[in-house]
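K.L.:
sequence first, then the predicted structure:
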Amino acid sequence: MLIHFENVVPEPLHGVANPKSEVWQTHLELQPHKSYQVYSPSGKGKSSFLHIIYGLRSDFTGHVKLNGKDTKSISVDEWAVIRQKQLSIVFQDLRLFLELTAWENLLVKASLYPENKDDELKQHAELLGVSHVLHKPAHTLSYGERQRIAIIRSLIQPFEILLLDEPFSHLDEENIQKASKLIAQKAKDQNASILMTSLGYEYHLQFDEKKLLG
């Protein structure tokens, strides 16, 4: 998927966006099959950047295009298809169903993709050290455990770009390494891109380019 940003500024950042930004108020092109890290301190719009690409925000000036089509002209039905087949995401706030178990959170997503196998999900949970909490309500899990469940959930579906919003903020080094390896392998299997926001740490992922957000 080819992404263009043309002089984009989220409304909350009007007049305060960093003039040195390589994302806001400039021309940005994110090429297919390349991976990017977008970094900045807190409060500079990292989540807004990903939410704009994912179609959750339209309160910005400028133009964003996905494969040449302006996001503000994409219909609700078209967005649904894009999110099912082209864009997957790990939200910073995770957006799990807290009343459901961790396993049920995975099954909600997996039910849309019959080709997924329970065994593979369980293998991912074992790898990331959360197999013992799969049948516990999500609200009882630590934030780091929830973060790992959200990562597994994002890898269930096919994608051309995986959007990661500070995905490792509550993980220790060992689990960051394991999660990074799993993410990288899944992206490689699909010849897909990774687009990650962070405070600047690369963790253990390889990026073709890094962009200063603000």
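P.N.:
All right, it came through fine.

K.L.:
only C-alpha atoms from now on, for both contacts and neighbour counts.
P.N.:
Will do.

K.L.:
this structure: strands as residue ranges?
P.N.:
3-10, 27-30, 36-39, 60-66, 69-70, 87-90, 161-165, 193-198, 209-212 (DSSP state E).

K.L.:
out of the ones you listed, which is closest to residue 54?
P.N.:
Residue 54 lies closest to strand 87-90 among the strands of the chain, at 7.1 Å (C-alpha to C-alpha).

K.L.:
what residues does the closest one touch?
P.N.:
54, 150-151, 154-155, 157-165, 167 (C-alpha atoms under 8 Å, 6 or more residues apart in numbering).

K.L.:
residues contacting the residue most central in space within the chain?
P.N.:
With distances taken as C-alpha atoms, centre = their mean, residue 163 lies nearest the centre of the chain, 2.4 Å away. Going by C-alpha under 8 Å, 6+ apart, residue 163 touches 50, 87-90, 194-196.

K.L.:
which one of the residues you listed has the most neighbours?
P.N.:
Neighbour counts for those peak at residue 194, which has 27 neighbours (criterion: other C-alpha atoms under 10 Å).

K.L.:
what's opposite it in the beta bridge?
P.N.:
residue 162 (DSSP bridges).

K.L.:
hmm, residue 188 and it touching each other?
P.N.:
No. Checked against C-alpha atoms under 8 Å, the pair residue 194 and residue 188 is beyond contact range at 9.8 Å.

K.L.:
and residue 28, how close does it get to residue 139?
P.N.:
Counting by C-alpha to C-alpha, to the nearest Å, the gap from residue 28 to residue 139 is 39 Å.

K.L.:
send me the longest helix anywhere in the chain as PDB with only the CA atoms.
P.N.:
The longest helix of the chain (DSSP state H) is helix 173-189. Only the C-alpha atoms of helix 173-189 are listed here, as PDB (Å, rounded to 0.1, in the frame of the first residue of the first chain):
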ATOM      1  CA  GLU A 173      13.700  -6.800  27.200                       C
ATOM      2  CA  GLU A 174      13.100 -10.600  26.800                       C
ATOM      3  CA  ASN A 175       9.500 -10.200  25.800                       C
ATOM      4  CA  ILE A 176      10.400  -7.300  23.500                       C
ATOM      5  CA  GLN A 177      12.900  -9.500  21.700                       C
ATOM      6  CA  LYS A 178      10.300 -12.300  21.300                       C
ATOM      7  CA  ALA A 179       7.500 -10.000  20.200                       C
ATOM      8  CA  SER A 180       9.800  -8.200  17.700                       C
ATOM      9  CA  LYS A 181      10.900 -11.500  16.200                       C
ATOM     10  CA  LEU A 182       7.300 -12.800  15.800                       C
ATOM     11  CA  ILE A 183       6.200  -9.500  14.300                       C
ATOM     12  CA  ALA A 184       9.100  -9.400  11.800                       C
ATOM     13  CA  GLN A 185       8.500 -13.000  10.700                       C
ATOM     14  CA  LYS A 186       4.800 -12.400  10.200                       C
ATOM     15  CA  ALA A 187       5.500  -9.300   8.100                       C
ATOM     16  CA  LYS A 188       8.100 -11.100   6.100                       C
ATOM     17  CA  ASP A 189       5.700 -14.000   5.400                       C
END
